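*Asks:* Pasting the sequence and the predicted coordinates here, then a few questions.
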Amino acid sequence: MGLLVQKFGGTSVATPERIRHVARRIADRYHGGHRVIVVVSAMGHTTDQLIELARQVTAQPPRRELDMLLSTGEQVSIALVAMALQDMGVPAISLTGSQVGIQTDGVFTRARIRRISTARLHQELDAGRVVVVAGFQGVTESMDITTLGRGGSDTTAVALAAAIQADECEIYTDVDGVYTADPRVVPSARLLPVISYGEMLEMASLGAVVLQPRSVELAAQYGVVIHVRSSFHDREGTRVVAEANLEKAMVVTGVTHDRNVAKIVIIDVPDRPGVAHRLFSELAALGINVDMIVQTAKQQHTTDLLFTVARTDLDQTLAIVRRVASELGTDDVRHDATVGKVSIVGSRHGEQSGRGRQDVRGAGRRRHQHPGHLDLRDQGLLPHRRTAPGSGRPGGPRRLRSGRPRSGVGGGRSLAGLTAREMVGAPGLEPGTSTTPR
């Protein structure tokens, strides 16, 4: 029958009992006539435990050695899954990222896949075996082990599905599929039976942890159908496809929140071409993702530059920002790691009049329950975001009514090649004079 790639996350293989349950699910597919490639994450919280172990040895673990350490978590999982399958009479073999032919660049802890050699995969599949592959990892041309960043097993699975032209890539997780919001935070969230690549990419990029954004990008590029479903039952989940009829009928597809956010402000940066590029190119060289950006014009030919990064990248980012700021003639660098981001996603969201009023009203109701203020607004085409101090803490954003940002409030000047941003009441910043939508 078909060729399937199945990916099981850490929760799905957290215990020996769950590993046997996963093996039974794989065996059912195998006995049903499918050829199966399985991608497995590390058991439970193994990766976090290994990171903590490294930090007990050194406050700043070298990234190459950290990758060497973290890659061992998946090797444990694949060996155990292969053992369970063989115990059930299913021929299986476990392979690491390097053994299966996943070659990456040399950016440790956040490497990108360059190519996949499928010769070994075809050899094992032709021999009638289930191939159990370690997710999250690869190897450089010089044979250094690399990891693909948080959630990298999703990317491994989709990349293998694309390389071997699988019929479908099943992503098994601890929820039933993709919801309109995190069901663990919003109990009334609804399961989406289908969603487009574009909207799934927006949701994943803005905090929905069900899929890694790079996996969705790969799926869209190579036309891989992703089926996100629960590893604990057999019901249908959410299919991620090229175009979903659902998006034509829905103004808002979903609401996401992200607590892994930190805000950085550089005060009195020289207002001349190339300054922002100098800073952001250095961050990009280290694979640090810069998200929301505001640049506000001031008097005396200076500007204030505000942007957000992942909280886990804050220390590394600050070291670069302080050095570059000092070279530019300013030492006033501020940061805040107590913010969170709420994003409203929908391809037809911007077409609806009056949404801004509803959005601001909904946010205002939330503020009465949890004091704080809205800080940034993003006027992108698909996502609409709100960054609120304090929403990164446990019990953070739960509900926010949908709506389009109202133009002309506050305002930030657009940077060349970057999304224009709106700013509302950002501490230490003076509002700009105009807002230019992307």
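*Replies:* Sure thing, it's come through.
*Asks:* Helices of the stretch 151-300 of the chain, start to end?
*Replies:* Assigned by DSSP state H, counting those that start in this stretch, the helices in the stretch 151-300 of the chain fall at 152-164, 197-205, 213-222, 245-249, 275-285.
*Asks:* looking at these, which is buried most?
*Replies:* helix 152-164 (a mean of 27; mean count of other C-beta atoms under 10 Å). Placement of C-beta: from N, CA and C, glycine included.
*Asks:* so what does that helix touch, helix or strand wise?
*Replies:* In terms of contacts (3 or more C-beta pairs under 8 Å, 6 or more residues apart in numbering; DSSP states H and E), helix 152-164 is packed against strand 3-8, strand 35-40, strand 113-116, helix 119-126, strand 130-134, strand 137-139, strand 168-173, helix 213-222.
*Asks:* Export the ones you listed as TSV, with columns for distance to T155 and mean pLDDT.
*Replies:* Output for the helices and strands packed on helix 152-164, formatted as TSV (distance: least, C-beta to C-beta, whole Å; pLDDT from 0 to 100):
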stretch	distance to T155	mean pLDDT
strand 3-8	10	97
strand 35-40	10	98
strand 113-116	7	96
helix 119-126	16	96
strand 130-134	12	98
strand 137-139	10	97
strand 168-173	11	95
helix 213-222	5	93
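*Asks:* quick one on the thing from earlier: any idea which of the helices of the stretch 151-300 of the chain gets closest to G135?
*Replies:* G135 lies closest to helix 152-164 among these, at 2.7 Å (C-beta to C-beta).
*Asks:* Comparing the helices of the stretch 151-300 of the chain by mean pLDDT, which bottoms out?
*Replies:* In terms of average pLDDT, helix 245-249 trails the rest of those, at a mean of 51.
*Asks:* ok, back up a step: what's the closest of the helices and strands packed on helix 152-164 to D234?
*Replies:* Nearest of these (C-beta to C-beta): strand 168-173, 11.0 Å.
*Asks:* Could you pull out the buried residues of that closest one?
*Replies:* For strand 168-173, burial by neighbour count (16 or more other C-beta atoms under 10 Å) applies to 168-173.
*Asks:* how about these in JSON lines, adding distance to V5?
*Replies:* Below are those laid out as JSON lines (distance: C-beta to C-beta, whole Å):
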{"residue": "E168", "distance to V5": "8"}
{"residue": "C169", "distance to V5": "5"}
{"residue": "E170", "distance to V5": "7"}
{"residue": "I171", "distance to V5": "9"}
{"residue": "Y172", "distance to V5": "11"}
{"residue": "T173", "distance to V5": "15"}
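*Asks:* Quickly name whichever of those residues is closest to K7.
*Replies:* I171 (5.0 Å).
*Asks:* Among the helices of the stretch 151-300 of the chain, which comes closest to V130?
*Replies:* helix 152-164 (13.3 Å).
*Asks:* tell me the angle of the closest one relative to strand 168-173?
*Replies:* 170 degrees (axes from the mean of the first three to the mean of the last three C-alpha atoms, to 10 degrees).
*Asks:* can you list contacts of helix 152-164?
*Replies:* Here helix 152-164 makes contact (C-beta atoms under 8 Å, 6 or more residues apart in numbering) with 3, 5-7, 9, 37, 39-41, 74, 97, 100, 102, 113, 116, 118, 121-122, 133-138, 148, 166, 168-169, 171, 211-212, 214-216, 218-219, 221-222, 224, 226.
*Asks:* Identify, by residue count, the longest strand of the protein.
*Replies:* Ranked by residue count and defined by DSSP state E, the top strand of the chain is strand 254-270.
*Asks:* could I get the helices and strands packed on helix 152-164 as TSV with distance to R190?
*Replies:* Compiled in TSV, the helices and strands packed on helix 152-164 are given as follows (distance: least, C-beta to C-beta, whole Å):
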stretch	distance to R190
strand 3-8	24
strand 35-40	28
strand 113-116	34
helix 119-126	37
strand 130-134	33
strand 137-139	35
strand 168-173	17
helix 213-222	20
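*Asks:* if I look at the residue lying closest to F108 once chain neighbours are set aside, how far off is Q316?
*Replies:* Leaving aside its chain neighbours, F108 sits nearest to R63 (3.7 Å; criterion: C-beta to C-beta, 6 or more residues apart in numbering). R63 is 10 Å from Q316, where distance means C-beta to C-beta, to the nearest Å.
*Asks:* about what we covered before: filter the contacts of helix 152-164 down to just the buried residues.
*Replies:* Buried among the contacts of helix 152-164 (16+ other C-beta under 10 Å): 5-7, 9, 37, 39-41, 74, 97, 100, 102, 113, 116, 121, 133-138, 148, 166, 168-169, 171, 211-212, 214-216, 218-219, 224, 226.
*Asks:* Would you tell me what the next helix or strand after the helix or strand containing R323 is?
*Replies:* Assigned by DSSP states H and E, R323 falls within helix 314-327. The first helix or strand that comes after helix 314-327 along the chain, using DSSP H and E, is strand 333-345.
*Asks:* Show me what the mean pLDDT comes to for that next one.
*Replies:* Per-residue pLDDT over strand 333-345 has a mean of 82.
*Asks:* List the buried residues in that strand.
*Replies:* Buried, per 16+ other C-beta under 10 Å, within strand 333-345: 333, 335-336, 338-345.
*Asks:* now for the helix holding R323, which elements pack on it?
*Replies:* strand 254-270, helix 275-285, strand 333-345.
*Asks:* what's the angle from the last one to helix 314-327?
*Replies:* So that's strand 333-345. Orientation of strand 333-345 against helix 314-327 (the same axes, to 10 degrees) gives an angle of 120 degrees.
*Asks:* what's the spacing between strand 333-345 and its chain's center?
*Replies:* 16 Å (C-alpha atoms, centre = their mean, to the nearest Å).
*Asks:* partner strands of it, parallel or antiparallel?
*Replies:* strand 254-270 (antiparallel), strand 383-389 (antiparallel) (DSSP bridges).
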